[in-house]
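Trainee: Just the structure for this:
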Amino acid sequence: MVVGTGFIFAILLGVLVGMLSAMFGIGGGVVMVPMIRLLFHQAAAIASATSLFAILPTSIAGVISRHKEGNINYKIGALVGIAGALTSPLGATLATHLPGIIAMVLTAIVIIITAIKQFKDARRLRVEGDDSTTQAKASGIWYYLGAILLGLFIGTFSGFLGLGGGFIVVPLLCMLYGMTIKQASATSLIAIVILGIPGVIAHALYGNINYLLALSFILGSVPGAKLGALVVSKTSNRKLTIAFAIVLLIAGVALAVNELL
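Mentor: Next comes the predicted model:
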């Protein structure tokens, strides 16, 4: 239960989550789930569900804040989101019926692997230039089919781990569609908003959401998203990639250590 100073502390953490969401297109769950587990001592299913619930308004605020950049690919974001919405309830069901440590350790492993990938991308940007991409843009049928397949995969992970899925979507959008991290992170927010809805509904039906804790995060994350968008506008792709990698690495290691020890 979150009351008094705990409620205020959660709001302040929400500001950080909102900033990270707008900056990196990750929805904020990659930070919220470890926070809820480590600082508020909630069960794994509660942490995942509460995070997913708070992600929706956080991501919407991120979309609004970053729309003016012109970096959002609404078509790809919508395809990933709609496809992910189909499999998100499956992930929520798995999270409810499987031991919590499985979801948390899996979350930590995926986060750390993604962090390593981002460090490699930052090194490449130093050599090739700040606006270089990782691969030629997908074209033809793969332009659309790739987004759908990506969404189906991400949706299951989103519902299962309580993460928006952006920590996987962002690197894959860079690889598959040749996006810079600014373009990928902005586009990812669209997908997160759409695919998170069914997962939230499923978790609500299972009674997994701590609404008071989620509200406290939301109160901080919405204004935090505006601040994060401002930071993005003044930061290079390489520096943003390095920052993304550091955030992921810290969250992944902290979560792994907590669960295993």
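Trainee: Does the worst-scoring helix or strand of the chain on mean pLDDT pack against any helices or strands, and if so which?
Mentor: Lowest mean confidence among the helices and strands of the chain (mean pLDDT, DSSP states H and E): helix 100-128, at a mean of 78. When contacts are defined as 3 or more CB pairs under 8 Å, 6 or more residues apart in numbering; DSSP states H and E, helix 100-128 packs onto helix 29-40, helix 44-66, helix 141-161, helix 166-177, helix 237-260. No exception for glycine: its C-beta is placed from N, CA and C like everyone else's.
Trainee: Can you lay out those as TSV showing distance to Val15, mean pLDDT and mean neighbour count?
Mentor: Below are the helices and strands packed on helix 100-128 laid out as TSV (distance: least, CB to CB, whole Å; pLDDT from 0 to 100; neighbours: other CB atoms under 10 Å):
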stretch	distance to Val15	mean pLDDT	mean neighbour count
helix 29-40	12	80	25
helix 44-66	11	86	27
helix 141-161	23	84	21
helix 166-177	18	81	25
helix 237-260	15	81	19
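Trainee: I'd like to know which of those is closest to Gly220.
Mentor: Between Gly220 and the helices and strands packed on helix 100-128, the shortest separation by CB to CB is 9.3 Å, and it involves helix 44-66.
Trainee: tell me what that closest one is packed against?
Mentor: Here helix 44-66 touches helix 5-24, helix 29-40, helix 74-97, helix 100-128, helix 141-161, helix 181-206, helix 211-233, going by 3+ CB pairs under 8 Å, 6+ apart.
Trainee: Just put those helices in CSV and tack on distance to Val247.
Mentor: Listed next are the helices and strands packed on helix 44-66 as CSV, based on distance: least, CB to CB, whole Å:
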stretch, distance to Val247
helix 5-24, 6
helix 29-40, 7
helix 74-97, 21
helix 100-128, 8
helix 141-161, 16
helix 181-206, 12
helix 211-233, 12
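Trainee: hang on, the earlier thing: I'd like the helices and strands packed on helix 100-128 laid out as a markdown table, including distance to Ile72.
Mentor: As requested, the helices and strands packed on helix 100-128 are exported to a markdown table (distance: least, CB to CB, whole Å):
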| stretch | distance to Ile72 |
| --- | --- |
| helix 29-40 | 20 |
| helix 44-66 | 7 |
| helix 141-161 | 14 |
| helix 166-177 | 11 |
| helix 237-260 | 16 |
